[in-house]
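J.: Next come a sequence and a model predicted from it.
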Amino acid sequence: MSLIVQKFGGSSVKNIERIKAVAQRVCSAREAGKQVVVVVSAMGDMTDELLEMVYQISPEPTPREIDMLLSTGEQISISLLAVAIQSLGYTAVSLTGWQAGVRTENMHGKAKIKAIDVNRIKRELEKGQIVIVAGFQGINEMGDITTLGRGGSDTSAVALAVALKADSCEIFTDVDGVYTADPRILPVARKMDVISYGEMLELASSGAVVLQPRAVELAAQYRMPIHVRSSFNDNPGTIVKEVSDLEREMYVSGVTHDTNVAKLTVIEVPDKPGIAFTIFDALAKERINVDMIVQSTKAEAVTDLLFTISKDDSRRAVKIIEDLIPQLGAKGLHCDESVAKVSVVGAGMVTHPGVAALMFKALADSGINIQVISTSEIRISCLIDQSQVEKAVEAIHRAFQLELEPGEIPAAIDLL
């Protein structure tokens with residue numbers, strides 16, 4: 001009997017009606033003769049609502065208590081879904097992260113999975129149960145509940161699929177698959193049938209919220225295909241897998257944007273060895289990811305060090321760096337949360353010169369100023385004013401004619 005892991009996000013279980021619909025879909029897979037493990041997120045915006053509640057009580061709640069609080073959201077979802085499945089005549093059991101054997105490191109808020117003991121899940125499957133697992137959470141070696149960070153249920157699902165040697169991992173969301181841009185802001189965006197792990201990782205890291213980057217990394221490492229599809233219909237979605245050059249659709253796969261960005265500038269830092277290490281080592285110890293980095297030079301022996309992080313981390317990052325200001329000998333720190341990042345991604349960019357020029361021209365023609373640029377082999381990102389992000393996505397998408405099917409794109413665009 002084949003085994004599948006299905007993951008349903010918050011929008012898919014946002015109310016009782018949606019939970020009943022998910023139960024029907026899960027039972028259909030069971031009727032087809034498959035063993036089913038389901039990973040579920042908290043209902044709708046419950047995680048954000050819980051965070052809002054705790055910050056009304058304290059501006060600096062301890063990470064352990066935040067994890068204890070946030071983990072309750074998924075526990076509500078798994079119980080309700082199990083009851084919904086049972087009401088349809090099937091047996092189902094709900095398991096928290098620790099009951100499902102998800103072991104994590106000791107970090108709170110952004111824990112990484114160290115191992116999964118799947119024996120409990122296997123025993124339940126052998127009994128004919130549909131197993132419902134709380135995503136986004138696990139337990140550390142001290143017995144404390146930990147959470148995996150924003151979008152962590154995706155990682156839970158892929159990790160379980162790998163540990164159980166599942167035949168497939170299906171990620172159900174509120175869109176039909178992976179698009180050339182966010183279809184919620186650009187209706188002409190085109191759904192891709194297939195995308196490579198590398199391209200999906202860059203899209204996810206650049207703001208595409210359809211999959212968590214760590215989930216894609218894990219899938220790539222163990223060659224676990226992911227089927228991203230909608231929980232609201234039965235349309236085929238997008239397969240994330242290893243893609244050969246022959247299968248590749250286009251040299252630029254998509255445009256993505258991220259408004260969850262904060263720009264931090266450490267002002268007039270002494271221009272000497274060890275300054276950058278001191279700053280970024282302190283951030284790394286708190287598991288704060290840094291994206292774009294720019295160091296400007298001045299006539300004096302000082303420099304401005306600019307970098308971007310997630311807005312979710314800005315409160316902690318500002319405190320960390322402000323505490324370092326005396327040690328660094330810097331003049332001050334400025335935090336700007338009015339910025340956004342737009343990116344183009346495509347594995348074929350390596351062999352197609354002119355991609356950056358076309359992206360910059362599209363932004364210039366739309367009167368959009370670029371504040372910071374960063375690149376990788378298959379990605380170019382620009383930091384811009386947040387108020388212009390939708391106009392930027394539309395302009396770049398139009399410039400690369402991504403709304404067209406690969407065979408429809410005029411040959412002239414390949415002459416760049």
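T.: Looks like it arrived, so ask away. Numbering: from 1, shown residues only.
J.: these two touch, right, residue 372 and residue 343?
T.: No: using CB atoms under 8 Å, residue 372 and residue 343 do not qualify as a contacting pair, with a distance of 12.0 Å. To be clear about C-beta, it is placed using only N, CA and C from the backbone, and glycine gets the same treatment.
J.: Next one: the closest residue to residue 293 other than its chain neighbours from residue 150, what distance?
T.: Leaving aside its sequence neighbours, residue 293 sits nearest to residue 307 (CB to CB, 6 or more residues apart in numbering; 4.6 Å). When distances are taken as CB to CB, to the nearest Å, residue 307 and residue 150 turn out to be 20 Å apart.
J.: of those two, who's got more company?
T.: Taking residue 307 and residue 150 together and counting by other CB atoms under 10 Å, residue 307 has the greater number of neighbours (21 against 17).
J.: what's the helix or strand for that one?
T.: With secondary structure defined by DSSP states H and E, residue 307 is part of strand 302-310.
J.: Run me through the strand neighbours of that strand, direction for each.
T.: Using DSSP bridges, the strands paired with strand 302-310 in its sheet are strand 261-270 (antiparallel), strand 293-297 (antiparallel).
J.: Quick one: closest of these to residue 139.
T.: The closest approach between residue 139 and any of the strands paired with strand 302-310, judged by CB to CB, belongs to strand 261-270 at 31.0 Å.
J.: Just want the angle from the helix or strand following the closest one to strand 302-310.
T.: Per DSSP H and E, the first helix or strand lying C-terminal to strand 261-270 is helix 275-285. In this structure, helix 275-285 runs at an angle of 20 degrees to strand 302-310, with axes from the mean of the first three to the mean of the last three CA atoms, to 10 degrees as the basis.
J.: chain center to helix 275-285, what's the gap?
T.: On the basis of CA atoms, centre = their mean, to the nearest Å, the separation between the geometric centre of helix 275-285 and that of its chain is 24 Å.
J.: So what touches that helix?
T.: Contacts of helix 275-285 with the rest of the structure, by CB atoms under 8 Å, 6 or more residues apart in numbering, involve 266, 269, 290, 295, 305, 309, 317, 320, 321, 324, 327, 328.
J.: can I assume the last one is in contact with residue 267?
T.: No: between residue 328 and residue 267 there is no contact, the gap being 10.4 Å when judged by CB under 8 Å.
J.: Identify each buried residue in whichever helix in the chain runs longest, please.
T.: The helix that spans the most residues within the chain, counting by DSSP state H, is helix 63-87. Using 16 or more other CB atoms under 10 Å as the test for burial, helix 63-87 gives 63, 66-67, 69-75, 77-78, 80-82, 84-85.
J.: could you pull out the strands for the stretch 251-400 of the chain?
T.: Remark: strands assigned in the stretch 251-400 of the chain by DSSP state E, counting those that start in this stretch are 254-258, 261-270, 293-297, 302-310, 332-336, 339-345, 372-376, 379-385.
J.: what angle sits between the fourth one and strand 254-258?
T.: When you say that, I think you mean strand 302-310. Strand 302-310 runs at 100 degrees relative to strand 254-258, counting by the same axes, to 10 degrees.
J.: tell me the mean pLDDT over strand 302-310?
T.: Confidence over strand 302-310 (mean pLDDT, whole number) is 92.
J.: Check which helices and strands the longest helix of the chain sits against.
T.: helix 16-31, strand 35-40, helix 46-57, strand 92-95, strand 130-134, strand 137-139, strand 145-147 (3 or more CB pairs under 8 Å, 6 or more residues apart in numbering; DSSP states H and E).
J.: ok so, going back, quick check on residue 328 and residue 267: which one has the bigger neighbour count.
T.: Applying other CB under 10 Å to residue 328 and residue 267 shows that residue 328 carries more neighbours, namely 18 against 15.
J.: residue contacts, the nearest residue to residue 74 once chain neighbours are set aside?
T.: Leaving aside its sequence neighbours, residue 74 sits nearest to residue 134 (CB to CB, 6+ apart; 3.7 Å). Contacts for residue 134 were tallied using CB under 8 Å, 6+ apart; they are 39-40, 71, 74-75, 77-78, 94-97, 100, 156.
J.: Lowest-scoring secondary structure element of the protein by mean pLDDT?
T.: Lowest mean confidence among the helices and strands of the chain (mean pLDDT, DSSP states H and E): strand 293-297, at a mean of 84.
J.: between that one and strand 379-385, how big is the angle?
T.: In terms of direction (the same axes, to 10 degrees), strand 293-297 departs from strand 379-385 by 70 degrees.
J.: So which bits of strand 293-297 are buried?
T.: For strand 293-297, a neighbour-count test (16+ other CB under 10 Å) marks residue 294 as buried.
J.: Now find how far off-centre that strand is within its chain.
T.: 27 Å.
J.: what sits up against that strand?
T.: For strand 293-297, the surrounding residues in contact (CB under 8 Å, 6+ apart) are 271, 276, 303, 304, 305, 306, 307, 372, 374.
J.: Compare the residues you listed and tell me which is most surrounded.
T.: With neighbours set by other CB under 10 Å, the maximum within the contacts of strand 293-297 is found at residue 305, which has 23 neighbours.
J.: Might you report the residue contacts of that one?
T.: Residue 305 makes contact with 265, 266, 269, 275, 276, 279, 293, 294, 295 under the criterion CB under 8 Å, 6+ apart.
J.: could you give the mean pLDDT of stretch 54-70?
T.: Taken as a whole, stretch 54-70 carries a mean pLDDT of 94.
J.: Pull up the distance across that stretch, start to finish.
T.: Distance between the boundary residues of stretch 54-70 (CA to CA, to the nearest Å) amounts to 10 Å.
J.: Same question for stretch 338-358.
T.: The first and last residues of stretch 338-358 sit 25 Å apart, counting by CA to CA.
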